[in-house]
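*Asks:* need a structure here:
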Amino acid sequence: MNKIFLILIGTISYSLHAQNVSGEKESFLGVQAGFFGANIYYEKNISESFAVRGDIEFSPSIWGGDLYSKTGFAVTPEIKIAPKWYYNMSKRQEALKNTKNNSADYITANFSYIPNLFVISNVDEITVNPMLSVVPTWGLRRNFLNNFNYEIQAGLGIGKILKPNYDLQTVLNISFKVGYDF
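*Replies:* This next block holds a predicted model:
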C-alpha cells in the first residue's frame, strides 16, 4: 500500500513539473468548497488544450436514520491526479470569452487514492478502507470576479478497495464547487 502511495505522489510531482508550450498562464493554485467536499489543487498547462491537475480533497460522509443510534459524519482525505482536455478552449478564445485559468469545458479521468491516513469523525475508532479509483468525468469550469471560479463535474467510473475479498465497485463523481485561484 505504501508503494502505491509513493508511486501516486511521484506521478503527481512529475506531471506538475511538465513543460508548458502554451501562451496562457503556466500553472495556478487554488481552493474550492461545495456540498460534496473541499479541495486544494494545482493545475499545470501542458498545451493550450491540455493540463494536469493534482488535488488533495477532503470528502465528507454522513449516515443516520432508524438503524443507527445517532447521526454520524466523517471527513477523509483523497489524493487525485487528473489529465484534462479542454475541448472548447480555442472556440471560447475565438469568441473572445473568458478563458483565464482554463475557463472552459473539459473531459478528464480522475485517478484517485483514498488512504487510511486519518479520519475526522464524531464516531470513535473509525477507519477507512484504502481505495484506488478511475472515474472518466465531464466538467465545466468558469471564472467570475477576477480570481473566483465555479466548477461542475459529473462522471461514473470504477474503484477497488485495497483489501482482500473486495470486488470492483462503481464510483460516482457529482460535484459543484466554488473556489478561488491564487
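
*Asks:* State the mean pLDDT of stretch 32-39.
*Replies:* For stretch 32-39, mean pLDDT rounds to 92.

*Asks:* Ignore what I typed, I meant stretch 101-118.
*Replies:* 95.

*Asks:* and residue 90, helix, strand or coil?
*Replies:* Secondary structure state of residue 90, per DSSP: H, G, I helix; E, B strand; the rest coil, is helix.

*Asks:* if I pick it, what's in contact with it?
*Replies:* Going by CB atoms under 8 Å, 6 or more residues apart in numbering, residue 90 touches 48, 49. (Glycine included, C-beta is placed from N, CA and C.)

*Asks:* Do you know the pLDDT at it?
*Replies:* Looking at residue 90, its pLDDT is 92.

*Asks:* go on, the one 3 residues further on?
*Replies:* The model reports residue 93 with a pLDDT of 92.

*Asks:* Check which residues of stretch 26-35 are buried.
*Replies:* Neighbour-count burial for stretch 26-35 flags 27, 28, 30, 32, 34 (criterion: 16 or more other CB atoms under 10 Å).

*Asks:* nope, stretch 57-68 is what I meant
*Replies:* Neighbour counts over stretch 57-68 (16+ other CB under 10 Å) mark 57, 59 as buried.

*Asks:* again, but for stretch 97-108
*Replies:* Buried residues in stretch 97-108 (16+ other CB under 10 Å): 99, 101, 102, 103, 104, 105, 106, 108.

*Asks:* Mind exporting the C-alpha coordinates of stretch 85-101 to CSV?
*Replies:* Listed next in CSV are the C-alpha coordinates belonging to stretch 85-101 (Å, rounded to 0.1, in the frame of the first residue of the first chain):
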residue,chain,number,x,y,z
TRP,A,85,-8.6,18.0,-22.1
TYR,A,86,-10.3,21.4,-22.5
TYR,A,87,-12.1,20.6,-25.7
ASN,A,88,-13.7,24.0,-26.4
MET,A,89,-10.8,26.3,-25.3
SER,A,90,-9.9,27.6,-28.8
LYS,A,91,-13.6,28.1,-29.6
ARG,A,92,-14.0,30.2,-26.4
GLN,A,93,-10.9,32.2,-27.3
GLU,A,94,-12.2,32.9,-30.8
ALA,A,95,-15.5,34.1,-29.4
LEU,A,96,-13.5,36.4,-27.0
LYS,A,97,-14.9,34.7,-24.0
ASN,A,98,-13.0,34.5,-20.7
THR,A,99,-10.5,31.6,-20.7
LYS,A,100,-8.5,32.8,-17.7
ASN,A,101,-7.2,29.8,-15.6
